[in-house]
Every structure is written in structure tokens, then in C-alpha cells.
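**Q** just the structure for this:
(chains A and B)
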Amino acid sequence: DTGVSQDPRHKITKRGQNVTFRCDPISEHNRLYWYRQTLGQGPEFLTYFQNEAQLEKSRLLSDRFSAERPKGSFSTLEIQRTEQGDSAMYLCASSLGGARNSPLHFGNGTRLTVT
Amino acid sequence: LAKTTQPISMDSYEGQEVNITCSHNNIATNDYITWYQQFPSQGPRFIIQGYKTKVTNEVASLFIPADRKSSTLSLPRVSLSDTAVYYCLVGSDNYGQNFVFGPGTRLSVLP
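**A** I've put the predicted structure just below:
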């Protein structure tokens, strides 16, 4: 178990640019989640995949955000036309399918700063 | 959607037992109670989960009274490295829009 890996750890971009983050879940986990966290707040759910299917999207996820998990393994989260309000920590998590209360295993996040 | 309430912050000293209580008055029959720990610049880490009575693992204990309207996370003999934010969550699924992280409890362990 090598844990959930996220890349890059930090990203600084200018407003209006597009950014893409990558998440590699724990290899045997078929569920993958994206969260966003701002300073002093708990993580906010963005979206969830079971294998390659995106099953749930938060109302927080505007049309500038898109996530993919093409082969049911790694996932990417893209933000188009970034805004300063997108500055946050983006967290990925994975879990083992089966029980609905399987705990989430989080990566250490990608910190995005939009200038 | 079960809402949770927990203290914003707590202070303790090394070697003491710390109890963090979470209120969840609207907990549903199928809901579990789950606690996560988060250090700065890291993702949350699962600590413990329970449905009723008491659960204990190598890290913590979770006490849940019969009415399940609250729960208490107990950390025995804390050390400086236990300084973190602790989140209490309630839900029947451990994911999705209905599994909500609040602001958590910021625990500071002092020497």
C-alpha cells in the first residue's frame, strides 16, 4: 500500500489559465473522490468515481471543472479559466468498494494559488 | 442530512487523555459516526468509526451512548504529535454530498 499520490503538490497559475491535477489512488481501490479545502474549513466534496464512471458531482462543481478517470485507475481534475476563488487545496481520496462505509484514504493534496 | 457540532478548539497537555465530543441530534438509523485527523499540509486520515456503544483501536476509542445523538472521541495520553484538526462526520455512506466535513476541532497539545 503506497497510499494515494497527487501531483503536483503545489501549482501557481495566473487567472484565466487552465490547470490539471493528477491523482493515483491505492491500486486495489475502485472508488475515487475529489475534494476542495480552503483555509480553516473542512474538505468539501466535489465529485466521485466508481471505476471509470463519474457517479456524483457536487453543485459546487461549476462547468469550468471537469474530472476524468479514463481507465478506472488514475484520475485528473482540470480547471479551465481559473479564478482567484479557485485558490485552495485539492484533495483526492480513494476507497475499497463493497461496504458503503469503507473509510476514505486521502492524498496530501495539490495546493493551487491563482494570482 | 445529519449535522454535527463539535468544539472549534481544545488545548491539552502531553500525557493527558483528551475527549472531543460531537453532537449529532438528527442522526439517522443507518448512519455511522466517523472521525478523521488532519495535520497541516496533509490530507485527512481515518481514525475510527462506529455505530453504537464503544469501539477501540490502537489509536483511539469512540464512545456512543444509546440514543446516538452524540459521540466522544477519546485519545489516551496525547503527545505533541497529536496536535491536529479532528473531524466528526455522520452518514450512511462515507462519501458524497451528504458526507460533510465541518470545520472540525483544532486540538493543541502543549508541553
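**Q** now stretch B:13-26: mean pLDDT?
**A** In this model, stretch B:13-26 has an average pLDDT of 96.
**Q** and what of stretch B:64-71?
**A** Mean pLDDT, taken over the full extent of stretch B:64-71, equals 96.
**Q** how deep is residue B:98 tucked in, by neighbour count?
**A** The local packing count at residue B:98 equals 15, with neighbours defined by other CB atoms under 10 Å in any protein chain shown. Quick note: C-beta positions are derived from backbone N, CA and C, even for glycine.
**Q** doesn't it belong to a strand?
**A** No. Under DSSP: H, G, I helix; E, B strand; the rest coil, residue B:98 falls outside any strand and is assigned coil.
**Q** excluding covalently adjacent residues, which one is nearest to residue B:13?
**A** Setting aside the residues directly before and after it, residue B:13 is nearest to residue B:110 in space (CB to CB, 6 or more residues apart in numbering or on different chains), at 5.3 Å.
**Q** I'd assumed residue B:15 was in contact with the one you found.
**A** No. Applying CB atoms under 8 Å as the test, residue B:110 and residue B:15 come out as separate, 10.8 Å apart.
**Q** could you check how far the residue nearest to residue B:13 is from chain A?
**A** With distances taken as CB to the nearest CB, to the nearest Å, residue B:110 is found 21 Å from chain A.
**Q** and the strands in chain B?
**A** When assigned using DSSP state E, the strands of chain B occupy the ranges B:9-13, B:18-23, B:32-38, B:45-50, B:53-56, B:61-64, B:70-75, B:84-91, B:105-110.
**Q** meant to ask about chain A, not that
**A** Under the criterion DSSP E, strands of chain A are mapped to A:5-7, A:10-13, A:19-24, A:31-37, A:44-50, A:53-57, A:65-68, A:75-79, A:88-95, A:105-106, A:110-114.
**Q** what number of residues lie near the residue nearest to residue A:9 when sequence neighbours are not counted?
**A** Nearest non-adjacent residue to residue A:9, counting by CB to CB, 6+ apart: residue A:110, 6.3 Å away. The local packing count at residue A:110 equals 22, with neighbours defined by other CB under 10 Å.
**Q** low-confidence stretches in chain B?
**A** Judged against pLDDT under 70, the low-scoring parts of chain B cover residues B:1-2.
**Q** show me what from it comes close to chain A.
**A** Residues of chain B lying near chain A by CB under 8 Å from any CB of the partner chain: B:32, B:34, B:36, B:41-46, B:49, B:87, B:92-97, B:99-104.
**Q** mind checking which of those are buried?
**A** B:32, B:34, B:36, B:43-46, B:49, B:87, B:93-97, B:99-102, B:104 (16 or more other CB atoms under 10 Å in any protein chain shown).
**Q** OK, contacts around residue 104?
**A** The chain I'm using is chain A. Applying CB atoms under 8 Å, 6 or more residues apart in numbering or on different chains to residue A:104 gives the contacts A:33, A:93, A:94, A:95, B:36, B:44, B:46, B:94, B:95.
**Q** was after chain B, sorry
**A** With CB under 8 Å, 6+ apart as the criterion, the residues that contact residue B:104 are A:42, B:6, B:38, B:85, B:86, B:87, B:88.
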